[in-house]
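[1] Predicted model and sequence below, questions to follow.
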Amino acid sequence: MRSLHWKNYLACFLAGVFLIHILPHVLNGLSWINVIGIAISLGVGFALLWIGKFSFRNMWTVVSLLAGMASVLLYAAVRFHVWH
């Protein structure tokens with residue numbers, strides 16, 4: 001397994017942030033704004049996966065992707081708890 005630069009792992013982390021951001025758009029219904037939000041999140045997320053050289057064979061790129069997704073979910077859980 002080839003070692004990657006830290007920038008690749010950061011790109012995978014940010015890809016996780018963008019890809020998990022699709023959920024609120026899907027859950028709010030398919031209005032034009034939500035479809036545009038889904039398209040932007042998918043486009044940026046997959047571009048960041050490509051930049052990050054994501055591979056299921058490289059455990060650390062998978063961990064970076066999941067950490068990005070988890071960070072958004074944890075932030076949303078804490079924010080929801082504080083405001084409601």
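    Structure's in. What do you need? Numbering: from 1, shown residues only.
[2] got the phi/psi numbers for the nearest residue in space to Ile51 that is not next to it in sequence?
    Of all residues not flanking Ile51 in the chain, Ala11 sits nearest, at 4.5 Å (C-beta to C-beta, 6 or more residues apart in numbering). Where C-beta positions appear, they are placed from N, C-alpha and C, glycine not excepted. Dihedral pair for Ala11: phi -60, psi -40, per degrees, to the nearest 10.
[3] ok, and for stretch 57-64, which residues are buried?
    Asn58, Thr61, Ser64 (16 or more other C-beta atoms under 10 Å).
[4] Can you list phi and psi of the first one for me?
    To tie it back to what came earlier, the one meant is Asn58. Dihedral angles for Asn58 - degrees, to the nearest 10 - are phi -100, psi 110.
[5] so it makes contact with Leu4?
    Yes - using C-beta atoms under 8 Å, Asn58 makes contact with Leu4 at a distance of 7.2 Å.
[6] Using CSV, lay out the buried residues of stretch 57-64 together with distance to Ala15 and pLDDT.
    Shown next, in CSV, are the buried residues of stretch 57-64 (distance: C-beta to C-beta, whole Å; pLDDT from 0 to 100):
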residue, distance to Ala15, pLDDT
Asn58, 13, 92
Thr61, 9, 94
Ser64, 8, 96
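[7] okay, His81: pLDDT?
    Predicted confidence (pLDDT) for His81: 61.
[8] low-scoring pLDDT stretches of this protein, where are they?
    Residue ranges of the chain with pLDDT under 70: 1-2, 81-84.
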